[in-house]
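**Q** Below are the sequence and a predicted model; questions follow.
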Amino acid sequence: DVKVTQSSRYLVKRTGEKVFLECVQDMDHENMFWYRQDPGLGLRLIYFSYDVKMKEKGDIPEGYSVSREKKERFSLILESASTNQTSMYLCASSLPLTGNSPLHFGNGTRLTVT
Amino acid sequence: QKEVEQNSGPLSVPEGAIASLNCTYSDRGSQSFFWYRQYSGKSPELIMFIYSNGDKEDGRFTAQLNKASQYVSLLIRDSQPSDSATYLCAVNGGGYQKVTFGTGTKLQVIP
């Protein structure tokens, strides 16, 4: 089974702090994704990566950056956390999205910015 | 116009009934369609995918795809209380590494 591990289940940070969310997958997947999930808004794509050192902006990249130095690891960085970044963050991985490659999700990190 | 639309619900069905969940999408070039189930406080898990017009069955679940109408649905037969969850429809635009999710339909199966 694919395992996607997010480093923290819950995080509480202060406004202005730099925040790192880490994600590791063990199935040698090319693609990795960061989503945030908010009530009524569903899952929204922040960034994704289809290869080491490659990144693409999703629908809501503002205020975020990412890093993918190794194939198995994809980090989401909040340069200066703000209260509107309080959310559930979900990491996912997949084979190349051709045909029927599903996303495999981690357990999520619930981030609260105070 | 939202790219992937679902009725937020809640959809309430009695135990043993058929639950019908619907999803429409705007991109005619979409190629793959996924249904995920998400229990409260948990992450989404894949139920099934479909990419050809028609029906695809897997146990109690049937996915239906109509590309001409840009419509995909999920039927759950013999609904159980354990099926109570939010069901997310996801669409892959094909040739572009991006999956778009609907906001989900909350299903409640009443014992």
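**A** All right, it came through fine. Computed from a predicted model, the values in this text were never measured in an experiment.
**Q** got the end-to-end distance for stretch A:78-89?
**A** 12 Å (C-alpha to C-alpha, to the nearest Å).
**Q** Tell me the predicted confidence for B:Ser8.
**A** Looking at B:Ser8, its pLDDT is 87.
**Q** Might one say that it is in contact with B:Cys89?
**A** No: applying C-beta atoms under 8 Å, one finds B:Ser8 not in contact with B:Cys89, separated by 11.9 Å. Any C-beta I mention is one placed from the backbone N, CA and C, and that applies to glycine too.
**Q** which residues touch the residue of chain A found nearest chain B?
**A** Closest contact between chain A and chain B, by C-beta to the nearest C-beta, is at A:Gly42 (3.6 Å). Residues near A:Gly42 by C-beta atoms under 8 Å, 6 or more residues apart in numbering or on different chains: B:Leu88, B:Phe101, B:Gly102, B:Thr103, B:Gly104.
**Q** State whether A:Asn84 is indeed within a helix.
**A** Yes: counting by DSSP: H, G, I helix; E, B strand; the rest coil, A:Asn84 is part of a helix.
**Q** Pull the number of nearby residues for it.
**A** 9 (other C-beta atoms under 10 Å in any protein chain shown).
**Q** Would you mind measuring from it to A:Tyr64?
**A** Applying C-beta to C-beta, to the nearest Å, one obtains 12 Å for the distance of A:Asn84 from A:Tyr64.
**Q** Remind me which helix or strand the residue of chain B found nearest chain A belongs to.
**A** Nearest residue of chain B to chain A (C-beta to the nearest C-beta) works out as B:Thr103 at 3.6 Å. Using DSSP states H and E, B:Thr103 sits within no helix or strand.
**Q** what do you get for A:Glu62?
**A** Under the criterion DSSP H and E, no helix or strand holds A:Glu62.
**Q** tell me the contacts of it?
**A** Here A:Glu62 is in contact with no residue (C-beta under 8 Å, 6+ apart).
**Q** For chain B, what lies in contact range of chain A?
**A** Chain B comes close to chain A at residues B:8, B:31-32, B:34, B:42-46, B:49, B:51, B:88, B:90, B:92, B:94, B:96-104, as judged by C-beta under 8 Å from any C-beta of the partner chain.
**Q** Filter those residues down to the ones in strands?
**A** Judged by DSSP state E, strands contain the following of the residues of chain B next to chain A: B:Ser32, B:Phe34, B:Glu45, B:Leu46, B:Phe49, B:Leu88, B:Ala90, B:Asn92, B:Val99, B:Thr100, B:Phe101.
**Q** what stretches of chain B score poorly on pLDDT?
**A** B:1-2, B:94-97 (pLDDT under 70).
**Q** Now with 80, please.
**A** For chain B, applying pLDDT under 80 flags the ranges B:1-2, B:93-98.
**Q** same deal with chain A?
**A** Along chain A, the model assigns pLDDT under 80 to residues A:1-2, A:96-100.
**Q** all strands of it, in order?
**A** Taking DSSP E as the test, the strands found in chain A are A:4-6, A:10-13, A:19-25, A:31-38, A:42-49, A:56-57, A:64-70, A:73-78, A:87-94, A:104-105, A:109-113.
**Q** I would like the residues contacting the first one, please.
**A** Translated: strand A:4-6. Strand A:4-6 is contacted by residues A:21-26, A:89-93, A:104-109 when judged by C-beta under 8 Å, 6+ apart.
**Q** buried sites along it?
**A** Applying a neighbour-count criterion of 16 or more other C-beta atoms under 10 Å in any protein chain shown, one finds A:Val4, A:Gln6 buried in strand A:4-6.
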